[in-house]
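Chemist: one predicted model, sequence on top.
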Amino acid sequence: MALFSYLAQHQSQLTARLWEHIWLVGVSIALAALIAVPAGVLLTRRPRFERWVLGFANTVQTIPSLALFGFLIPLPWIGGIGPRSALVALVLYALLPILRNTYVGILGVDRSVREAALAMGMTDWQILRMVELPLAARTIMAGLRVATVTGIGVATVATLIGAGGLGDFIYRGLQTVNARLILLGAMPAALMALTVDFGLGWIEKRLIRG
Amino acid sequence: MTTNGQKLIDLDRVSYCIGPATLLSEVSFGVAPCETVMLLGRSGSGKTTALRLINRLLTPTSGRVLVEGRPTTEWDPIRLRRRIGYVIQSIGLFPHFTVARNIGLVPELEGRPPEQVRATVESLLEKVGLPRDALGRYPHQLSGGQRQRVGVARALAADPPILLMDEPFGALDPITRRELQREFLAMQEDLGKAIVFVTHDVREALLLGHRIGVLEGGCLIWWGTGAEFQSSADARIAGFREGL
């Protein structure tokens, strides 16, 4: 109960940090999807680049988030202190799951279905729009879900480069050894991750099977 | 057997190679309107390759494939393919479309008005012997035989002058296969299409074809009518006949 009154005391702060967090994750996932879905589609048309592109995305994924934020600080244009570098880092992290699932999802479309579509005289764009993307939608959605849930976690580190978000409470709590302050950041973040996981999972199940 | 104005399809010394492998070597034959040509041969003999060269899923390494008198390489591939129906063993129906949408897709892409597409779909459904209530079903709700009926209806939807069939009944159980073969035979006359039908089943070749071309190792080793096939003294053809 004490926690609830504590929560009530910090409500306006909490709302502000929560929105920052949602904004960071939402914008970065949207940007990542805008880059990774077309890139994944392109990759299915030019499989030669598979090793390079997936290799790059894989490598980014192995960099610890703290280190990635650190690397970005001295960079001009995309780096620095503040939400901009945080967005760049979050986008980079979200690329791989979306890219890989788009690629795998489209390649997973039954060969005979693609052959029939081609032989019927459908253009590449028609095949993509009417056949491949709808049939890969489930897999692509799964990639988006993983990226978003991961992004919610990684975004708590964004506070360290001055981008705000729920991580604010966590790091302030850690520095002042205040468990309640830590929970004030950690619990909403965990709840958000669970909600998004459930919600996107629900949509995913309602998409057609590939 | 070479260029002839009356042929709808004409293969003129066509070869197709991938790297060092020759899949088809100097093959020539023609198909007239209303004629069914059966390409007979074992797996890997080049039957499917020959078929895929006609709708330009492949282009010949040398030689020419003429469709309606024009080399396939000069056709816009999209226009060419919409004039050619294609039926394959694995059918390749769109799993996320209803039967009606599957059948009506090419007319839809051609920009025909929806009522007209609907009328076409309904008449085709009847022609291939499917009940009307199949229209709203999805492919996974149909049996293998029904699915291939949809496959045939889809290939006929734009009323193409040419039909290519790649072992269309090969994956069906013997009873359903007989049934579809009989119906194909009944349809053949009033369809009036130039049909190239690939099979490895000698019985099917004799039953459905006006002419038979035998492929072996990428070469067309024999060409003639069913009656000529039955009486041929060629040892290789006698070998095929043993399979009867």
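Modeler: Ah, there it is. Residues are numbered from 1 along each chain as shown, chains lettered A, B, ... in the order given.
Chemist: how about the residues of chain B by chain A?
Modeler: B:55, B:57, B:77-82, B:84, B:86, B:88, B:90-96, B:105-106, B:109, B:154, B:164 (Cβ under 8 Å from any Cβ of the partner chain). C-beta here means a position set from N, CA and C on the backbone, and glycine is covered the same way.
Chemist: show me what the lengthiest helix in chain A is packed against.
Modeler: Counting residues, the longest helix found in chain A (DSSP state H) is helix A:11-45. Contacts defined by 3 or more Cβ pairs under 8 Å, 6 or more residues apart in numbering or on different chains; DSSP states H and E place helix A:11-45 against helix A:50-62, helix A:83-107, helix A:133-154, helix A:167-175, helix A:179-206.
Chemist: what's the closest of those helices to chain B?
Modeler: Relative to chain B, the nearest member of those by Cβ to the nearest Cβ is helix A:133-154, separated by 5.3 Å.
Chemist: state the mean pLDDT of that closest one.
Modeler: In this model, helix A:133-154 carries a mean pLDDT of 96.
Chemist: try stretch B:156-166
Modeler: 95.
Chemist: can you give me the end-to-end distance of it?
Modeler: 15 Å (Cα to Cα, to the nearest Å).
Chemist: now it: buried residues?
Modeler: B:156, B:157, B:158, B:160, B:161, B:162, B:163, B:164, B:165, B:166 (16 or more other Cβ atoms under 10 Å in any protein chain shown).
Chemist: give me every residue that touches the last one.
Modeler: In other words, residue B:166. Listed by Cβ atoms under 8 Å, 6 or more residues apart in numbering or on different chains, the contact partners of residue B:166 are B:47, B:48, B:51, B:86, B:87, B:88, B:89, B:198.
Chemist: go with 6 Å
Modeler: Residue B:166 is in contact with B:48, B:51, B:88, B:198, counting by Cβ atoms under 6 Å, 6 or more residues apart in numbering or on different chains.
Chemist: before we move on, what about residue B:226?
Modeler: residue B:206.
Chemist: tell me which residues in stretch B:231-244 are buried?
Modeler: B:232, B:237, B:240.
Chemist: whoops, I mixed them up, stretch A:171-181
Modeler: Here stretch A:171-181 shows A:171, A:173, A:181 as buried, counting by 16+ other Cβ under 10 Å.
Chemist: repeat that for stretch B:79-97.
Modeler: So for stretch B:79-97, counting by 16+ other Cβ under 10 Å, buried means B:80-97.
Chemist: equivalent analysis for stretch B:202-222, please.
Modeler: For stretch B:202-222, by 16+ other Cβ under 10 Å, it's B:202, B:204-209, B:211-216, B:218-220, B:222.
Chemist: quick one: mean pLDDT over the strand or helix carrying residue A:69.
Modeler: Here residue A:69, judged by DSSP states H and E, is contained in helix A:65-72. In this model, helix A:65-72 has an average pLDDT of 87.
Chemist: which helices and strands does it pack with?
Modeler: Counting contacts by 3 or more Cβ pairs under 6 Å, 6 or more residues apart in numbering or on different chains; DSSP states H and E, helix A:65-72 is packed against helix A:83-107.
Chemist: list the buried residues in the helix it packs on.
Modeler: By 16+ other Cβ under 10 Å, the buried positions in helix A:83-107 come out as A:83, A:85-107.
Chemist: and it with helix A:167-175, angle?
Modeler: Angle of helix A:83-107 versus helix A:167-175, following axes from the mean of the first three to the mean of the last three Cα atoms, to 10 degrees, is 120 degrees.
Chemist: does chain B sit close to helix A:83-107?
Modeler: No: using Cβ under 6 Å from any Cβ of the partner chain, we find that helix A:83-107 stays clear of chain B, coming within 13.4 Å at best.
Chemist: now that helix: mean pLDDT?
Modeler: The average of the pLDDT scores along helix A:83-107 is 94.
Chemist: which of the residues of chain B next to chain A fall within helices?
Modeler: Per DSSP H, the residues of chain B next to chain A map to helices at B:77, B:78, B:79, B:80, B:81, B:82, B:105, B:106, B:109, B:154.
Chemist: which residues touch stretch A:171-184?
Modeler: Outside stretch A:171-184, the residues that touch it by Cβ under 6 Å, 6+ apart are A:6, A:159, A:169, A:170.
Chemist: that concludes my questions; thank you for your assistance.
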